[in-house]
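Below are the sequence and a predicted model; questions follow.
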Amino acid sequence: MTNDKHTQQKGSVIWITGLSGSGKTTLAIEVVSQLTDYSKDVVRLDGDELRELFCMEPPKLQGHDRNARLKLAMQYARLCRLLSMQGLTVVIATISMFREVFAWNRAHLPDYFEVYLKVPIEELRRRDAKGIYRRFDAGDLLNVAGLDLPVDEPEEADLEVIFEPYQSVAELARQLILNFHNR
């Protein structure tokens with residue numbers, strides 16, 4: 001027997017996407033920090049952490065090709081659905097730039113809000129906190145999203161943030177939350 005009150009609870013999903021080094025995690029942390037001022041029902045998910053959770057292979061053997069990434073992205077999307085259907089606001093930071101994922105999210109995630117961080121490749125290479133771009137350039141890494149692995153830029157993002165030097169993360173998070181609440 002199901003309890004109608006619980007089956008009708010719906011949260012939200014804020015899906016923050018962009019290439020490696022675009023600031024997804026940094027923005028997600030700030031958004032969650034600001035959202036928790038209004039609600040305790042907020043959870044943050046991160047693509048790197050989820051990959052570690054869902055992949056059974058050691059990191060060097062984990063698949064990073066299109067099919068493996070798409071499969072993981074769909075797992076992330078389904079986890080977001082599960083959590084949001086329990087009334088949580090889910091803020092997820094993930095590359096997961098696939099047309100199929102964006103379409104599935106729009107069809108299946110309650111109160112879905114898509115954010116695209118569009119950062120020039122030159123800036124991503126400059127940041128390169130994980131050494132991904134250096135390793136790619138040295139020939140030590142393949143299947144890098146946006147380089148040798150094509151991605152689908154979101155065509156219907158609810159908020160597209162085009163990189164501006166010296167942009168405040170706190171202000172960007174405030175802008176995101178305002179757009180999220182006022183649509």
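Looks like it arrived, so ask away.

Show me where this structure has its strands.
12-18, 42-46, 89-93, 112-118, 159-162 (DSSP state E).

Enumerate the positions of the first one that are buried.
Within strand 12-18, the residues that qualify as buried are S12, V13, I14, W15, I16, T17, G18, counting by 16 or more other C-beta atoms under 10 Å. All C-beta atoms are positioned from the backbone trio N, CA, C, and that covers glycine.

Go through these and name the one nearest Y76.
W15 (8.9 Å; C-beta to C-beta).

hang on, that closest one packs against W104?
No: look at W15 against W104 with C-beta atoms under 8 Å: they stay out of range, at 10.9 Å.

so which of the strands of the chain comes closest to L82?
The nearest among the strands of the chain, by C-beta to C-beta, is strand 89-93 at 9.3 Å.

Sheet-wise, list the partners of the closest one with their directions.
If you go by DSSP bridges, strand 89-93 pairs up with strand 12-18 (parallel), strand 42-46 (parallel).

In JSON lines, list the ones you listed along with distance to V91.
As requested, the strands paired with strand 89-93 are exported to JSON lines (distance: least, C-beta to C-beta, whole Å):
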{"stretch": "strand 12-18", "distance to V91": "5"}
{"stretch": "strand 42-46", "distance to V91": "5"}
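
To R183, which of those strands lies closest?
strand 12-18 (11.1 Å).

ok so, going back, can you list the strands paired with strand 89-93 in JSON lines and add distance to Q175 and mean pLDDT?
Output for the strands paired with strand 89-93, formatted as JSON lines (distance: least, C-beta to C-beta, whole Å; pLDDT from 0 to 100):
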{"stretch": "strand 12-18", "distance to Q175": "13", "mean pLDDT": "98"}
{"stretch": "strand 42-46", "distance to Q175": "18", "mean pLDDT": "96"}
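
Quick one: low-confidence residue ranges for the protein.
Applying pLDDT under 70 to the chain picks out residues 1-8, 56-63.

and with 80 instead?
1-9, 38-40, 54-64 (pLDDT under 80).

quick one, what contacts the nearest residue to Q86 once chain neighbours are set aside?
Of all residues not flanking Q86 in the chain, Q9 sits nearest, at 6.2 Å (C-beta to C-beta, 6 or more residues apart in numbering). Counting by C-beta atoms under 8 Å, 6 or more residues apart in numbering, Q9 makes contact with M85, Q86, G87.

and what of D41?
Contacts of D41 (C-beta under 8 Å, 6+ apart): G11, G87, L88, T89.

Test my guess that A129 contacts G23.
No: assessed by C-beta under 8 Å, A129 is found out of contact with G23, at 10.2 Å.

Which of the two has more residues huddled nearby?
Taking other C-beta atoms under 10 Å, A129 and G23 do not tie; G23 has more neighbours (21 against 9).

now stretch 19-27, how far from the chain's geometric center?
Taking C-alpha atoms, centre = their mean, to the nearest Å, the mean C-alpha location of stretch 19-27 is offset from the chain mean by 9 Å.
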